[in-house]
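K.L.:
kindly return the folded structure for what I paste below:
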Amino acid sequence: MRSSKQTPGERIVKDIKRQTRKQYSAEEKIRIVLDGLRGEESIAELCRREGIAQGLYYKWSKDFMEAGKKRLAGDIVRQATSTEVTALKAEARDLKEVVAEQILEIRLLKKSMLGDGGDEV
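P.N.:
Sure thing, here's the model as predicted:
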């Protein structure tokens, strides 16, 4: 019975395969899914030509359809980047300071209009 531990050679081969695995851009994935949807060739032929597993094609196809469905339903929420969040927090802080300054100015103006001990209208 073989041990479940990998030999150093097996680990190296696995790491090389992982590093040389093709990474598909979003545009490439969309093109492949649309080619499959056109139906000009079978999914098996398409996957063979593109060098991907059929399961991967069907996963991309499902993701593509779900994204389209969400977009058409108006669900366009996206994740903000940390720089965007930081900038928005700084802007909110600045706006709060401006509002606080305006409130103080309004109070001072009211006080000066009423004078010391004057009747409020």
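K.L.:
where does pLDDT dip in the chain?
P.N.:
Regions of the chain meeting the criterion pLDDT under 70 cover residues 1-4, 75-79, 116-121.
K.L.:
what count of nearby residues applies to Gly55?
P.N.:
Burial of Gly55, expressed as a neighbour count using other CB atoms under 10 Å, amounts to 9. All C-beta atoms are positioned from the backbone trio N, CA, C, and that covers glycine.
K.L.:
now do Trp60
P.N.:
19.
K.L.:
next, give phi and psi for it.
P.N.:
When read as degrees, to the nearest 10, the backbone of Trp60 gives phi -60, psi -40.
K.L.:
could you measure Ala53 against Ile43, distance?
P.N.:
Spatial separation of Ala53 from Ile43 under the definition CB to CB, to the nearest Å is 11 Å.
K.L.:
same check on Ile103?
P.N.:
For Ile103, the distance to Ile43 under the criterion CB to CB works out to 65 Å.
K.L.:
re the thing from before, higher neighbour count, Ala53 and Ile43?
P.N.:
Neighbour comparison, Ala53 and Ile43: the larger count goes to Ile43, with 15 against 10 (by other CB under 10 Å).
K.L.:
in which helix or strand would I find the closest residue in space to that one that isn't next to it in sequence?
P.N.:
Leaving out its chain neighbours, the residue that sits closest to Ile43 by CB to CB, 6 or more residues apart in numbering is Gly36, at 5.5 Å. According to DSSP states H and E, Gly36 maps onto helix 26-38.
K.L.:
so what touches that helix?
P.N.:
The contact list for helix 26-38, computed with CB atoms under 8 Å, 6 or more residues apart in numbering, reads 24, 41, 43, 46, 50, 52, 57, 60-61, 64.
K.L.:
just give me the longest helix of the protein.
P.N.:
If you go by DSSP state H, the chain has its longest helix at helix 82-114.
K.L.:
list the buried residues of it.
P.N.:
Within helix 82-114, no residue counts as buried by 16 or more other CB atoms under 10 Å.
K.L.:
tell me the domain boundaries of this structure?
P.N.:
Per automatic domain parsing, the structural domains of the chain span 9-77, 79-121.
K.L.:
list the contacts for Ala67?
P.N.:
Neighbouring residues of Ala67 by CB under 8 Å, 6+ apart: there are none.
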